[in-house]
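[1] Provide a 3D model corresponding to the input given below.
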Amino acid sequence: MIALALTLQLLAGPADSTPARIPLRFTPPAVPAPAYVALTEPLAADTPRARPRAFVYSDQYATRLTIHKWASWAMLPLVAGEVVVGQKLYTRPAGTEGGLRDLHSTLAGGIGALFAVNTVTGAWNLWEARKDPNDRTRRWIHGLTMLAADAGFLATAAAAPDDDCGEGGGVCPPNSRRAGTHRTLAITSASLATASWLMMLVWKH
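    From the prediction side, this is the model:
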């Protein structure tokens, strides 16, 4: 009996011994994964810019463009002179024009000739560049506004006072209704042409 008691006491361990420690495994709480928003379009910084596509023009295109530019510069003093002379004719009494009427007609002829040159060269180059996507909007706006100015100058010439304008014949009075229409059409057409020309200088891209 004594041997059995000693054996049980050894198996149980000392009475004041601390309980055996059971190691615990710590599992951190699960953290939800961050929600990502799917982008339907790439970021602006990552988007490559479209490069202008190369377009080959003919040598004749360059020649016509040079003629077109020089004719445009030559037209500026003619238009300015025509406006000044026309304004003097508009305000002077009939029969006191002197040589202003002849000068007015000469300047108008020069403007018409330059516009004819620019219309042919510009329309020809616009047709050759029709498949070039670079600066297409600028070219078409310039071409259409210049064609509108062409139509305006033709209407200006058609409305010009002439020798059979007045009642019973004679010179049409400078400040008559026909002369006023002529003046309005001339200023409007010249302003439209100048604005279209300036657009080509300023609007490069």
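[2] how about low-confidence regions in the chain?
    1-53, 93-97, 162-176, 204-205 (pLDDT under 70).
[3] what segments of it are helices?
    2-12, 59-91, 100-128, 136-158, 177-202 (DSSP state H).
[4] any chance of CSV for these, columns mean neighbour count?
    (Each C-beta comes from the backbone N, C-alpha and C, glycine too.) CSV is the format used below for those (neighbours: other C-beta atoms under 10 Å):
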stretch, mean neighbour count
helix 2-12, 9
helix 59-91, 16
helix 100-128, 17
helix 136-158, 16
helix 177-202, 16
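[5] burial check on Asp135, number of neighbours?
    15 (other C-beta atoms under 10 Å).
[6] excluding its backbone neighbours, what's nearest Ala108?
    Among residues not flanking Ala108 along the chain, Glu82 sits closest, at 6.3 Å (C-beta to C-beta, 6 or more residues apart in numbering).
[7] again but with Ile67, I slipped
    Of all residues not flanking Ile67 in the chain, Thr121 sits nearest, at 5.3 Å (C-beta to C-beta, 6+ apart).
[8] is it true that Trp203 touches Arg138?
    Yes - look at Trp203 against Arg138 with C-beta atoms under 8 Å: they come within range, at 5.4 Å.
[9] isn't the residue nearest to Ile67 up against Thr66?
    No - using C-beta under 8 Å, Thr121 is not in contact with Thr66, being 9.0 Å away.
[10] follow-up on the earlier one: what sits against the residue nearest to Ala108?
    Glu82 makes contact with 104, 107-108, 111, 186, 190, according to C-beta atoms under 8 Å, 6 or more residues apart in numbering.
[11] any chance of TSV for those residues, columns distance to Leu144?
    TSV is the format used below for those (distance: C-beta to C-beta, whole Å):
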residue	distance to Leu144
His104	29
Leu107	26
Ala108	24
Ile111	20
Ala186	20
Ala190	17
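[12] tell me the one of these nearest Ala148?
    Ala190 (12.2 Å; C-beta to C-beta).
[13] correct me, but the closest one touches Val79?
    Yes - contact status for Ala190 versus Val79: in contact at 5.0 Å, counting by C-beta under 8 Å.
[14] anything in contact with each of those two?
    If you check Ala190 and Val79 against C-beta under 8 Å, 6+ apart, no residue is contacted by both.
[15] and the closest residue to Met199 other than its chain neighbours, how far is that from Ala186?
    Leaving aside its sequence neighbours, Met199 sits nearest to His142 (C-beta to C-beta, 6+ apart; 6.2 Å). Computed as C-beta to C-beta, to the nearest Å, the His142 to Ala186 distance reads 21 Å.
[16] which residue packs closest to Val83, ignoring adjacent ones?
    Here the residue nearest Val83, using C-beta to C-beta, 6+ apart, is Ala190, at 6.6 Å.
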